[in-house]
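K.L.:
Got a sequence here, can you build the structure:
(one chain, ligands or ions: 1)
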Amino acid sequence: MQYRELGRTGWQISEVSFGAWAIGGSWGAVDDEESISALKQAVDCGVNFIDTADVYGDGRSERLVAQAIKESGKKIFVATKAGRRLSPHTADGYNRKNLNDYVDRSLKNLGVSKIDLLQLHCPPTEVYYRPEVFTILDDMVKEGKIQYYGVSVEKVEEALKSIEYPQVHSVQIIFNMFRQRPAELFFAEAKKRGIGILARVPLASGMLTGKMTSKSTFEEDDHRSFNRHGEAFDRGETFSGVEYEKGLAAVEELKKICPEDMTMVQFALRWILMFEEVSCAIPGAKTAAQANENFSVSEEPLLPMTKMDQVKSVYEQFIRPLVHDRW
Ligand SMILES: NC(=O)c1ccc[n+]([C@@H]2O[C@H](COP(=O)([O-])OP(=O)(O)OC[C@H]3O[C@@H](n4cnc5c(N)ncnc54)[C@H](OP(=O)(O)O)[C@@H]3O)[C@@H](O)[C@H]2O)c1
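P.N.:
Modelled structure (predicted):
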């Protein structure tokens, strides 16, 4: 495993880290024992950073992460999130009382006295124009409840606005072969300010693994069933906002250019790591076998620039017209 700096935190984190949404819920049935074995496999591969949230399985993900870390006996950095417990999810809800309550709950779930990294969980755009919200986070740092804070965003413009706040240390954003716009302007701005970048949904909800077909089915409680058109949360979180059949057609083109000695999973993740501004990709994994494939990619060789150009042309032809200007 190779490690990269997470912005100005001074942490060296695994360049492929663990995304713990699926082990919490909203991805069909998951088995806690299997999830623990996926987390253990990740740690064995050298993963030292895990992304979770208070709402993933209503605390289930945070508790599994805490259990796996305890059993490993290692220092693993945990990034959790706050804000999505709000219903309705409004900018006004991002107030001192609510944020403190959410953080207290996460501290309990994680079994720690201080959260390593707290991220606002894709708040409404309005929140980025409320400096008082960031003052609340500054106060939490002073009180010792959290070490650092950052944001998880839907849109590039939110990412650009968030990094105007001097104590924002990280931005989590969708970045993958189907979501290339963050690399255009945001990455350079983030680098200038020493902001860590967490590339989420790196496999486009599993589509970039190449395993899906037009006959694939998903359980009712899997967001790949219930959020195809953004019915429950931002559409971009499911298959990166690309319409299913059109995504499959683009994946067929990517398969044609996938290096012979790589799987599609390795190709997709290695493509992300080619961007030096990215601190880490955070693929989700439900099983030890998935974890093993995902986290071994750090040992794969760099992609030649010709491959990067080929991916770009597939994006330009098949994906850009569908999503580029939406996020
Ligand atoms: N708003 C936010 O802040 C937000 C939103 C989304 C995600 N995230 C974070 O980003 C992380 C990653 O995104 P994501 O989980 O949405 O999507 P992802 O990483 O693109 O896809 C993960 C899914 O792909 C499948 N998969 C993973 N590795 C595989 C492998 N080697 N072979 C075959 N299939 C594999 C698994 O599902 P199946 O086996 O069921 O296909 C897995 O759950 C999340 O876990 C979460 O930590 C944050």
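K.L.:
is it true that Val127 touches Asn95?
P.N.:
No - with the criterion set as Cβ atoms under 8 Å, Val127 and Asn95 do not qualify as a contacting pair; they are 10.6 Å apart. Placement of C-beta: from N, CA and C, glycine included.
K.L.:
got a pLDDT number for Tyr315?
P.N.:
The per-residue pLDDT reported for Tyr315 equals 98.
K.L.:
residues in contact with the residue nearest the centre of the chain?
P.N.:
Centroid check for the chain by Cα atoms, centre = their mean gives Arg200 as the closest residue, at 2.7 Å. Applying Cβ atoms under 8 Å, 6 or more residues apart in numbering, we find Arg200 in contact with Gly19, Asp51, Ser152, Gln172, Ile173, Ile174, Phe175, Ile282.
K.L.:
make it 7 Å
P.N.:
Contact criterion Cβ atoms under 7 Å, 6 or more residues apart in numbering gives Gly19, Gln172, Ile173, Ile174, Ile282 as the residues in contact with Arg200.
K.L.:
So the second one: helix, strand or coil?
P.N.:
Three states are possible here, and by DSSP: H, G, I helix; E, B strand; the rest coil the one that applies to Gln172 is strand.
K.L.:
what's across from it in the sheet?
P.N.:
With DSSP bridges applied, Gln172 shows beta-bridge pairing to Ser152, Leu198.
K.L.:
Would you tell me which residues of the stretch 101-250 of the chain are close to the ligand?
P.N.:
Applying Cβ under 6 Å from any ligand atom, one finds that the stretch 101-250 of the chain approaches the ligand through 121-122, 152, 172, 200-206, 209, 211, 237.
K.L.:
out of those residues, what pair is the most spread apart?
P.N.:
Every pair in these was compared (Cβ to Cβ); the two farthest apart turn out to be His121 and Lys211, at 28.4 Å.
K.L.:
Those two: who's more crowded?
P.N.:
Set side by side, His121 and Lys211 show unequal neighbour counts under other Cβ atoms under 10 Å, the larger going to His121 at 22 against 13.
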